[in-house]
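*Asks:* Provide a 3D model corresponding to the input given below.
(chains A, B and C)
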Amino acid sequence: MMKFSSGLKYVALAAALALAACSSEPKPAPASEPPAEPQQQAAPVQSSSIVPGSAEDLRVNVGDTVHFDYNKYDIMDADHAVLQRQASWLAKYPSVRVTVEGHCDERGTREYNLALGARRANAVKEYLVSLGVSAGRLETISYGKERPMCTESSESCYAQNRRGVTTITGGASS
Amino acid sequence: MKTVAFAFALLIGFAGQAFAALQVDVNQGNVQPLPIAIPDFGGDAASGANIARIVRADLERSGLFKPLDPKSFIEQIKNVNAAPTFANWRVINAQGLVTGQTTMQPDGRLRVDFRLWDVYGESQMLGLQYFTEPENWRRIAHLVSDAIYERITGEKGYFDTRIVFISEGGPAKNRRKKLAVMDEDGANPIFLTKGDYLVLTPRFNPTAQMIAYMSYIAGKPRVYLFDLESGRQEMLGNFPNMTFSPRFSPDGNKVAMTLENGGNSDIYVMDLRTRAYTRLTTDPAIDTSPSFSPDGRQITFESDRGGSQQVYVMNADGSNQHRISFGGGRNGTPVWSPRGDMIAFTKQDRGIFHIGVMRPDGGGERIISNGWEDEGPTWAPNGRVLMYSRTLQGGRGSQIWSVDVTGRNERRVLTPGDASDPAWSPLIQ
Amino acid sequence: MRSSAARLEQTGSPLGVAVAVLLHAVVIVATLFSLQQHTLDIADEMPMVPVDLVTIAPKTNVMAMAKQQPVSPPKEEPVQAPTPEPAPPTPSAAQEESAPPDASAGPAPQKAVPQIVPKTKPVQDQKKDKFDVNNILALLDKRAPSASSAPNARAANRNVKGFGEQTAMTADLSTALSSQVQQCWSPPVGAPDPRKLVVDFDLFLKQDGSIAQPPQLVGNSAAAAASDPYVRAAADAARRAIYTCAPYKLPADRYSQWSEINPFHFDPRQMMGQ
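*Replies:* Numbering: from 1, shown residues only, chains lettered A, B, ... in the order given. Coordinates of the predicted model:
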């Protein structure tokens, strides 16, 4: 039978938030989801007032995304600042737990890109850990090329898709 | 006939003293599908026309046969047990002729008789008779196709097989992916998951009763097993991180797959009976996409340990890891042919993804598909035909295509909507 | 081809006519025999092989996913265990490979087809065109043009077997016949072992270029075809080519030189880049 981890609710929430962050498409609910948490994504995005310590706070005011070069997974200089802000923000909200998503552009085979996405997510995680974030608060997940931000077959689009996204899985303000 | 031949031989032997036989070498040919006439099967069961229709479609799809339009037929086959008038079939340029008939047995079973004729040689090449439940007519048609294909090509057919694949729908940025199976000809599609969570890369086990695939159910990307008979799913192993790229061993007792740990991906083999697992690769590079050789003694896989993604081969215990792809570009997703003579793979060359084949020693590389983003080949059980995913440029969806190993007959496979990640079943037993 | 073939046809020599008469007599007898054979009830000599599939399932056992299915719910058919029966009788796997007939020949120095008698010159030209038309590998490589050709280009030099054993006088006949039959020859080039596709026939022709009697497999391929489905398929394909392209246009006055073709050697390895 399917095994559901106790973290399911967090993951579901994180996924919902991540999707809300990068797409207006409706998110299919995870299968057989236990009738759990009040659906956090149902909370309307209140444009005016962003709650400090919330997912939106992280996304809008801190920055949740870093980018990578083609087939690379090292953190680019330009992204040091955003990761430092993320580390500071996580220090400010110590109950928040996050998952770093690793994504790739379409120019890689499916399984290779799963591995490459894992490298990218892990690179972000290690960078945050090096800035003092406890590794226990950081999960990683790779989506390979399965969840593009942009679907044109162009370099500018590929660049947007090669990314690491820090998403909240628990402990955030709402 | 023998005496005539004998007399003839005597005659030629006599004449041979005056002149020797001419020697002729033919080294060039003209590869064409075989023109074959397949009239509707006669008899008292209604399925006769349906069976002939499916056989025509099967053989046409293979690219090795050209079923002729029944409207062109001169002769109406009345009795499957009488020799046809071959001249009537030569006139329409048929080289093969299939005659058949269906009969309802007193016990309620369907009997299907058919014969394959060599129109020019004026001889029977094959004669088979099947008994089955009437509702199985479609499988009987595939078995007839398989028998004809085997007699003409020398290799086992693949029409009585199934495809497990990922059915895709929804927006390009957030595809809904469902696990699905269908017959080789696209008939009888069945969805095994609802699309609530991402599923990828399904593969059949050797009995076609079990599927190993990757699922993001509960937000944790892991390898799962799906038992088609019971509908049960289970996570394979209990690993803290991502597991992916599963592939069964030829005996079905093991699954090779990739475990990710701290951003590093390595290949492991799990014994399905003991659930013990063995690590096969240890370097810090990406090692993934393992696929067993048909004798189970070797595994081909991909690695970027040399600086770019390339195809490697190792012994099944992890020893003797060596690169085999040197044809340029990035090369991955190797899959060993069931017949052992080739490895199919995905080549990325200047931004375009192609399906290629090469020998297990890396020689004889050929590119056999021609798309924008073709990847993830799977072999028909006879090692003769490949299917693969074709992603269209600009997020316009995914399709399944097939191509003959010779590079001929590249065509789209009928699927319900968009589809990707096909994996061919073995011959159904 | 037609015009050149017409040129080839000359008046028959006395010897040729004599042989032709004899052969025709034989053929008539043979035809009578074969006609008689066709009137037999084939059920006796060509039995159906029954395959009982009584318990076969229409599909493999597939249990639906749980609960509500959005699309195409599987039918609630009783799931039956498929029988392990359905395999049609097939020859057992090859016991031994048929050695390629010219394996021992080694890399003979490649020569242009030997001197051509002047009157066959048009045939030769025609033949060259045909070779060009067919000068494509049976195994395709769809590599982008810029990267192409080099790794998989067809070998420039091929050994042409057999001509050394006969006089140059008949080389033009061999070429003419070969170029005719190759139009009809579609060998099973997808087979794993190209060596198994090499087959030899003994063929008797009538003076009008039609087939005098069914071509007989000879040499190594004769025995191998009985046990190896690949060899059998290759033999069938060559036999179909022989039949389909008949009658052959060859000079009637030289019938004595082409009344029998042996070996009629079919070797697709060059097409397969081997």
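*Asks:* Please export the C-alpha coordinates of stretch C:223-231 as PDB.
*Replies:* What follows is stretch C:223-231, C-alpha atoms only, in PDB (Å, rounded to 0.1, in the frame of the first residue of the first chain):
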ATOM      1  CA  ALA C 223      20.700 -27.000 -44.700                       C
ATOM      2  CA  ALA C 224      20.500 -23.900 -42.500                       C
ATOM      3  CA  ALA C 225      17.100 -22.800 -43.900                       C
ATOM      4  CA  ALA C 226      15.500 -25.900 -42.500                       C
ATOM      5  CA  SER C 227      16.500 -25.000 -38.900                       C
ATOM      6  CA  ASP C 228      17.000 -21.300 -38.800                       C
ATOM      7  CA  PRO C 229      14.100 -18.900 -39.300                       C
ATOM      8  CA  TYR C 230      16.300 -16.100 -40.400                       C
ATOM      9  CA  VAL C 231      17.900 -18.100 -43.100                       C
END
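*Asks:* anything in it near chain B?
*Replies:* Yes: judged by CB under 8 Å from any CB of the partner chain, stretch C:223-231 comes into contact with chain B at C:Asp228, C:Pro229, C:Tyr230, C:Val231. For the C-beta atoms, the positions are set from N, CA and C on the backbone; glycine is no exception.
*Asks:* Can you add secondary structure, pLDDT and neighbour count and give the residues you listed back as TSV?
*Replies:* TSV is the format used below for those (DSSP: H, G, I helix; E, B strand; the rest coil; pLDDT from 0 to 100; neighbours: other CB atoms under 10 Å in any protein chain shown):
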residue	secondary structure	pLDDT	neighbour count
C:Asp228	coil	94	24
C:Pro229	helix	93	23
C:Tyr230	helix	94	24
C:Val231	helix	95	29
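*Asks:* wait, which of the residues you listed is closest to chain A?
*Replies:* C:Tyr230 (33.3 Å; CB to the nearest CB).
*Asks:* ok, which stretches of the chain are helices?
*Replies:* Defaulting to chain A. Shown for chain A, the helices assigned by DSSP state H span residues A:8-22, A:55-56, A:80-92, A:110-130, A:155-161.
*Asks:* actually chain B
*Replies:* For chain B, the helices defined by DSSP H cover B:2-15, B:47-62, B:86-90, B:137-153.
*Asks:* Among the ones you listed, show me which one is buried the most.
*Replies:* Scoring the helices of chain B by mean neighbour count under mean count of other CB atoms under 10 Å in any protein chain shown gives helix B:137-153 as the most buried, with a mean of 25.
*Asks:* Which elements pack onto that helix?
*Replies:* Under the contact definition 3 or more CB pairs under 8 Å, 6 or more residues apart in numbering or on different chains; DSSP states H and E, helix B:137-153 sits against helix B:47-62, strand B:65-67, strand B:96-104, strand B:110-118, strand B:123-132, helix C:229-245.
*Asks:* Chain A is nearest to which of these?
*Replies:* For those, proximity to chain A was assessed by CB to the nearest CB; helix B:47-62 is nearest, at 26.0 Å.
*Asks:* what about that closest one and chain C, any contact?
*Replies:* No: using CB under 8 Å from any CB, helix B:47-62 stays clear of chain C, coming no nearer than 10.2 Å.
*Asks:* got TSV for the helices of chain B, with mean pLDDT too?
*Replies:* Output for the helices of chain B, formatted as TSV (pLDDT from 0 to 100):
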stretch	mean pLDDT
helix B:2-15	47
helix B:47-62	96
helix B:86-90	96
helix B:137-153	96
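*Asks:* Turn those helices into a markdown table, columns for distance to B:Thr288.
*Replies:* Shown next, in a markdown table, are the helices of chain B (distance: least, CB to CB, whole Å):
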| stretch | distance to B:Thr288 |
| --- | --- |
| helix B:2-15 | 62 |
| helix B:47-62 | 32 |
| helix B:86-90 | 53 |
| helix B:137-153 | 34 |
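*Asks:* per the record, what domains does chain B have?
*Replies:* With domains defined by automatic domain parsing, chain B comprises B:34-153, B:162-424.
*Asks:* Break down the stretch 151-274 of chain C into its helices, ranges please.
*Replies:* Secondary structure of the stretch 151-274 of chain C, counting by DSSP state H, counting those that start in this stretch: helices at C:171-181, C:220-227, C:229-245, C:255-258.
*Asks:* Put together JSON lines for these, with distance to B:Arg279 on each row.
*Replies:* Output for the helices of the stretch 151-274 of chain C, formatted as JSON lines (distance: least, CB to CB, whole Å):
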{"stretch": "helix C:171-181", "distance to B:Arg279": "58"}
{"stretch": "helix C:220-227", "distance to B:Arg279": "44"}
{"stretch": "helix C:229-245", "distance to B:Arg279": "40"}
{"stretch": "helix C:255-258", "distance to B:Arg279": "68"}
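*Asks:* is it possible to export these to JSON lines including distance to chain A?
*Replies:* Output for those, formatted as JSON lines (distance: least, CB to the nearest CB, whole Å):
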{"stretch": "helix C:171-181", "distance to chain A": "45"}
{"stretch": "helix C:220-227", "distance to chain A": "41"}
{"stretch": "helix C:229-245", "distance to chain A": "33"}
{"stretch": "helix C:255-258", "distance to chain A": "56"}
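*Asks:* Could you work out which of those reaches nearest to C:Val189?
*Replies:* Of all the helices of the stretch 151-274 of chain C, it is helix C:229-245 that lies closest to C:Val189, at 9.6 Å by CB to CB.
*Asks:* Tell me where the model's unsure across the stretch 301-429 of chain B.
*Replies:* Across the stretch 301-429 of chain B, residues meeting the criterion (pLDDT under 70) sit at B:429.
*Asks:* And chain A, is stretch B:155-164 touching that?
*Replies:* No: Stretch B:155-164 lies apart from chain A when judged by CB under 8 Å from any CB; the minimum separation is 15.2 Å.
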